[in-house]
Structures are given as C-alpha cells and as structure tokens.
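Asks: how does the following fold in three dimensions:
(chains A, B, C and D)
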2 protein chains.
Amino acid sequence: MPTLERSNPLPLYYQLKEVLKQQIRAGHLAPHTAIPSEPELVAQYHVSRATVRQALTELVHEGLLYRQHGRGTFVCEPRVQQNISELTSFSNDLSRRGKRSSGLLIVSELVRGSQTVRDQLRLMDEEQVVRLERLRTADDAPIAYEVDYLPYPRSAGVYQRAKEVADGSLYALMGTEGMHPYIAEQSFRGDVATEREAELLRVSVNTPGLRLACTSFDETGAPIEYTEAFYPGSLYEFQVTLRVGR
Amino acid sequence: MPTLERSNPLPLYYQLKEVLKQQIRAGHLAPHTAIPSEPELVAQYHVSRATVRQALTELVHEGLLYRQHGRGTFVCEPRVQQNISELTSFSNDLSRRGKRSSGLLIVSELVRGSQTVRDQLRLMDEEQVVRLERLRTADDAPIAYEVDYLPYPRSAGVYQRAKEVADGSLYALMGTEGMHPYIAEQSFRGDVATEREAELLRVSVNTPGLRLACTSFDETGAPIEYTEAFYPGSLYEFQVTLRVGR
DNA sequence: CAGTGGTCTAGACCACTTC
DNA sequence: AAGTGGTCTAGACCACTGG
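Replies: Down below sits the predicted model:
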C-alpha cells in the first residue's frame, strides 16, 4: 500500500485521491465493489476523517465513486468514470476512435466580425477578433469545416503563434495564453453543406450534416471563443456525455 | 438576515446554501461581487467554518460561486449559474423559450426491441422493453418525433401509467418509479426526415434535421432509458451547456 | 501587514443498512 | 448491535492577495 508523504508539497487529500484513482484505473478496484470504509482509510493512511472525506467527496464529484448511506463507498462503472474535464476534448470533436485527427489552418486574420460574433463575445465597438478558418481532418481526410473567433486584445498571443502550430490543437494554444474554457454553450441543428464547405470537405452540395455553434467562457464568465462548424453527418457522429445530477 | 433553524430537520449547510441561493437569485448579490468571507458567515449564522465551507463548496460545484485564493468568494454570472441538474430538462429538449411544450403519446407497447436497443440497455435474452412513441410539441405544433425504450421489469410502473400521463414529462414519470438519470450519453448526426417522420411533423420528406440517440444511466451505471428522435433543423435548434473544468 | 481561502486535526452525534 | 456514511464543532497553521 502506498503511503502519503507529509513532506510532499501536494495536499494529503490530493495524494489520497491520486492513490485511489490509480487503484481504480489499474483495475485493483473493480466497478461496483466497495472501497475501504472511511475509518479504515483513516487508519491506513494516518490522516483525519475530514481529509479522507475531502478526497472521497471530490472523487464522487468526478464520477469515479458513489456513496450509499449505511452501506459503503463503491467504484463507478467505467462509463460513469467520465471526468467532466475530459469533455473538453470531446466537446468540439467527433467520435473518432483510432483516428489521427488535427486542425489544418487555412486562414488567420484580424477582422471586425459579424454581429453574431460580436454579440457572442460581448465586444465593445472598437474591439476586433482573431478569425481562424480551419479544416479538421482525421487520417488526413477532411471531416469538418470550422471557423473560430477569439476576442483580440486578449488573444494576441494566439494570433501571433497561430501559424507556428498550423496543424494543432486550438485549445492547447489558448491554454498557453491563459485562456481556459470553463463552460461551453453549444447549439446544433441539422443543415446541408454550402458550396465552400462541400468543396473543402469533398462532399456534394446539400449533403445533410450538423451545423454547430459553440461559445466558450472562462471561470469568471468572460467569453473567450466563438466557433461555427459544419460536420457532414454522413461521415461521422457527434457524441457527448452529460452529467445529469449528483 | 434569515437565520438557520437547528430544529429544522434539514442540515445547517443545506439551509445556508438555500439562503445564499435565494440572495443570488433575488439579485441581492450581483455577479462578480464578493459574498461575505467565511469567518463573517461563521459569525452571522453561528455555525462552524467547516459547515460554511461545505455550503460554499457545493455552490461552487453547482456553478453559482467561484473562489479566488486570498481575494474572496464571488457570485458567478447568470450564464455560469447553470446547475448541472438543470441540464436534465434541456438535454432532451430544444431551445423553446416561451413555448408550451409537451410529449404526446402515440404508442405504448411491450416489445423485444432491436439489437441496438438491447445492446444499449444491456438486456438478457428473456427481457423485454417498454416502447413509447411520442410526438413532442411546442405551442401545439409538432417539433420532434421520438421513440423511448425502457427496460421492462424495472419500468413496469411507467408502462402501466403511461396512458394516464399521455401528454407529460417522461422523466417526471420515471422519477416517481425510482428511475433517476445520472449521466446521459447523446449522439447526434445530421440526417433527413423519413416518410413517417415527415408525415407526423408535417414537413417534406428529406427535410434536413437532427437525428439523436440518447442512453441514460442511473447513479450505479445501470441503463434506464434509450431514446431515438428526429428534430427537423429548420424548426428549432438544439442547445446544450457543458461544464468543462473546475 | 491584515484578511482571504486552503488544508488539517481529533473529536462528537446522528441516520441508515445489515445481520 | 455493529458498521457505514452524513453532519457538525472548535480549534490550528499555511498560502495567497491586497494595501
């Protein structure tokens, strides 16, 4: 059994979380089996019950454990072990298991932006936006056409470095510039491909697909990204997992 | 200032949460303003700091507050004040602000179900499913065609009572039978209306729209519902809000 | 520096489940 | 009755932010 290090700068509850996470991921704790009780964990790891409870409570919130009053604390099924934060990468992406995917930069420019864009990003009159036009590919085949808008003064670094990473993850680039999405509002509707989309995606005009709009906000509620995209539905499906309650 | 009742069977931290929620919703605490500090709340409500922290931590998880180390605890913007549990009602619904919406029961039957259905609900050979065919309407206009499948022995009560509430919320009915969705997996793709859908929804065949499949699981990971639906995209948009990180 | 939230302790009593 | 998680207390020290 691993031990917690009091000399470690990481908090004890966090170390305990990591230990339990690892045991779950490694399969030492199978789904629907009980983990040691709180008093047992207190004794095993020589910490107070409040510390144990902080670790367990966070793991419950992250969907790795569930509690039953009077019975014990149990390991969730893998399907439930879906950390909300993992949704980040899924939210703008397709189910593409086993595919090499990337986002190919077509255009990067500084513009004023349409009224829709300005509304979504809550811009002042004089503010501009960085506009990125990208073609998302999986195994080198184009699967979606996407246009991203970022509020300008704040995304200056992203704009300057966009061409360096012309074929990478926009969220990763935004992260290095201190832009961290916290919630994302997405809207979908069924639509058919425009001429430009049909050409870039190599499908016929009027192919039915998914038209998607997504606005991301940071922790304080400031908008940091607005994206419009078209995914031909004949090629891929969009998938999302929602946590519904506690 | 309201006071917490120790005679109240509800826990103190829960009462404190409700008080703070009400002050936020009522607008007494504007977005981005600081709420009283933890020691202040301890003094005001005569509870320990651990109790205050439990209330605040849960409100942070629910997206009503955010904390900044060394600065204080602040009220989130309304857009962030989206309780995950509120997503329940949104997840299967359209953006229909100001619309009277309902689900009109067309067919309720006990069947074996297709292989897709049986796979999603992880059924044994001898198990059956309740199949509900519904037309979702907003302001009496049909907006979506939906087929719901529930695992049978468990949903016997829903089956018996389906006709009583032929025009209501399926989730509400499931709730009274102890079936509470905890996570939902949804997949979307763009598609065009079938003949039956076109007829019921009063649109032309091949109208582009959203084809949706959703499987709901309870807290223990047991599947409790599988739904397929078609939403003509020309009529309404599908909207979803994701919590991305902490 | 004072004030904030972050972590932690060592207890206590209660409600629920199981036997 | 014994064991589980649920709630609560009254402290403590630390790390971070601001003036």
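Asks: which stretches of chain A have low pLDDT?
Replies: Along chain A, segments meeting pLDDT under 70 span A:1, A:79-102, A:165-167, A:234-246.
Asks: can you name the residues of it that neighbour DNA strand D?
Replies: With C-beta under 7 Å from any atom of the strand as the criterion, chain A comes near DNA strand D at residues A:34-35, A:37-40, A:49-50, A:53, A:67-73. For the C-beta atoms, the positions are set from N, CA and C on the backbone; glycine is no exception.
Asks: which of the residues you listed fall within strands?
Replies: Judged by DSSP state E, the subset of the residues of chain A next to DNA strand D located in strands is A:67-68, A:72-73.
Asks: now do the SS call for the most far-flung residue of chain A relative to its centre.
Replies: The centre of chain A is farthest from one residue, A:Ala43, which by C-alpha atoms, centre = their mean lies 36.9 Å away. Under DSSP: H, G, I helix; E, B strand; the rest coil, the three-state class of A:Ala43 is helix.
Asks: taking the ones in strands among the residues of chain A next to DNA strand D, please make a ChimeraX selection of just the buried ones.
Replies: A single ChimeraX command selects the buried members of these (16 or more other C-beta atoms under 10 Å in any protein chain shown):
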select /A:73
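Asks: near DNA strand C too, which of the ones in strands among the residues of chain A next to DNA strand D?
Replies: A:Gln68.
Asks: which residue packs closest to A:Lys21, ignoring adjacent ones?
Replies: Sequence neighbours aside, A:Leu64 is the residue nearest to A:Lys21 in space, at 6.6 Å (criterion: C-beta to C-beta, 6 or more residues apart in numbering or on different chains).
Asks: can you map out the strands along chain A?
Replies: Using DSSP E, the strands found in chain A span residues A:65-68, A:72-75, A:101-111, A:129-138, A:141-151, A:183-192, A:208-217, A:223-232, A:238-243.
Asks: now distance to chain B too, for the ones you listed, in TSV please.
Replies: Shown next, in TSV, are the strands of chain A (distance: least, C-beta to the nearest C-beta, whole Å):
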stretch	distance to chain B
strand A:65-68	5
strand A:72-75	8
strand A:101-111	17
strand A:129-138	15
strand A:141-151	12
strand A:183-192	3
strand A:208-217	4
strand A:223-232	7
strand A:238-243	4
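Asks: take these and write them to a markdown table, including distance to B:Glu18.
Replies: Formatted as a markdown table, the strands of chain A follow (distance: least, C-beta to C-beta, whole Å):
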| stretch | distance to B:Glu18 |
| --- | --- |
| strand A:65-68 | 22 |
| strand A:72-75 | 27 |
| strand A:101-111 | 45 |
| strand A:129-138 | 41 |
| strand A:141-151 | 36 |
| strand A:183-192 | 23 |
| strand A:208-217 | 26 |
| strand A:223-232 | 30 |
| strand A:238-243 | 22 |
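Asks: those: which one's closest to A:Gln23?
Replies: Ranking these by proximity to A:Gln23 (C-beta to C-beta) places strand A:72-75 first, at 9.0 Å.
Asks: chain center to that closest one, what's the gap?
Replies: Computed by C-alpha atoms, centre = their mean, to the nearest Å, the chain-centroid distance of strand A:72-75 equals 27 Å.
Asks: with stretch A:179-194 instead?
Replies: 13 Å.
Asks: just the C-alpha atoms of that stretch, please, in PDB.
Replies: Listed in PDB are the C-alpha atoms of stretch A:179-194, where the atom choice follows Å, rounded to 0.1, in the frame of the first residue of the first chain:
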ATOM      1  CA  MET A 179      -7.400  31.200 -21.900                       C
ATOM      2  CA  HIS A 180      -9.000  28.300 -20.100                       C
ATOM      3  CA  PRO A 181     -12.500  27.300 -21.100                       C
ATOM      4  CA  TYR A 182     -14.800  26.600 -18.100                       C
ATOM      5  CA  ILE A 183     -18.200  26.200 -19.600                       C
ATOM      6  CA  ALA A 184     -19.200  25.900 -23.200                       C
ATOM      7  CA  GLU A 185     -22.600  26.600 -24.800                       C
ATOM      8  CA  GLN A 186     -23.200  24.600 -27.900                       C
ATOM      9  CA  SER A 187     -26.000  24.600 -30.300                       C
ATOM     10  CA  PHE A 188     -26.700  22.200 -33.100                       C
ATOM     11  CA  ARG A 189     -29.000  22.000 -35.900                       C
ATOM     12  CA  GLY A 190     -29.300  19.800 -39.000                       C
ATOM     13  CA  ASP A 191     -28.400  21.600 -42.200                       C
ATOM     14  CA  VAL A 192     -26.900  21.000 -45.600                       C
ATOM     15  CA  ALA A 193     -23.400  21.900 -46.900                       C
ATOM     16  CA  THR A 194     -22.700  25.200 -48.500                       C
END
